[in-house]
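Chemist: predicted model and sequence below, questions to follow.
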Amino acid sequence: MAVIIQFKHEEQSRSSRHPTEVICKYFILERDGNKIIQLNTYGSTEREIPDKVSQTLQLDSSAAK
């Protein structure tokens, strides 16, 4: 897993809202004295294993700001 340190904006020619809605839980962690926010998304009710962690993102403090 990698820690996101920066976001870069990019234009997209097409955009659409995803029809599935899920829960995202966040956690504040500390690594080497630096705070990290972790975002976990969980499988939708239609998934084979609902409520299983689907994706995890970690952001350092500068990316979170």
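Modeler: It's in.

Chemist: which strands and helices sit next to the helix or strand where L39 lies?
Modeler: When elements are assigned from DSSP states H and E, L39 belongs to strand 34-42. On a contact count with 3 or more Cβ pairs under 8 Å, 6 or more residues apart in numbering; DSSP states H and E, strand 34-42 meets strand 24-31, strand 53-60, helix 61-64. Placement of C-beta: from N, CA and C, glycine included.

Chemist: could you say which of these is packed most deeply?
Modeler: Highest mean neighbour count among those (mean count of other Cβ atoms under 10 Å): strand 53-60, with a mean of 15.

Chemist: now it and strand 34-42, what's the angle there?
Modeler: 160 degrees (axes from the mean of the first three to the mean of the last three Cα atoms, to 10 degrees).

Chemist: average pLDDT for strand 53-60?
Modeler: Averaging pLDDT along strand 53-60 gives 94.

Chemist: mind listing residues that contact that strand?
Modeler: Residues outside strand 53-60 that contact it (Cβ atoms under 8 Å, 6 or more residues apart in numbering): 1-5, 22, 29, 34-43, 47.

Chemist: go with 6 Å
Modeler: Applying Cβ atoms under 6 Å, 6 or more residues apart in numbering, the contact partners of strand 53-60 are V3, I4, I5, I36, I37, Q38, L39, N40, T41, Y42, G43.

Chemist: contacts only, for the fifth one.
Modeler: Translated: I37. If a contact means Cβ under 6 Å, 6+ apart, then I37 has Y26, I28, L59, A64 as its contacts.

Chemist: would you turn those into a markdown table with distance to E11?
Modeler: Shown next, in a markdown table, are those (distance: Cβ to Cβ, whole Å):
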| residue | distance to E11 |
| --- | --- |
| Y26 | 28 |
| I28 | 32 |
| L59 | 22 |
| A64 | 23 |
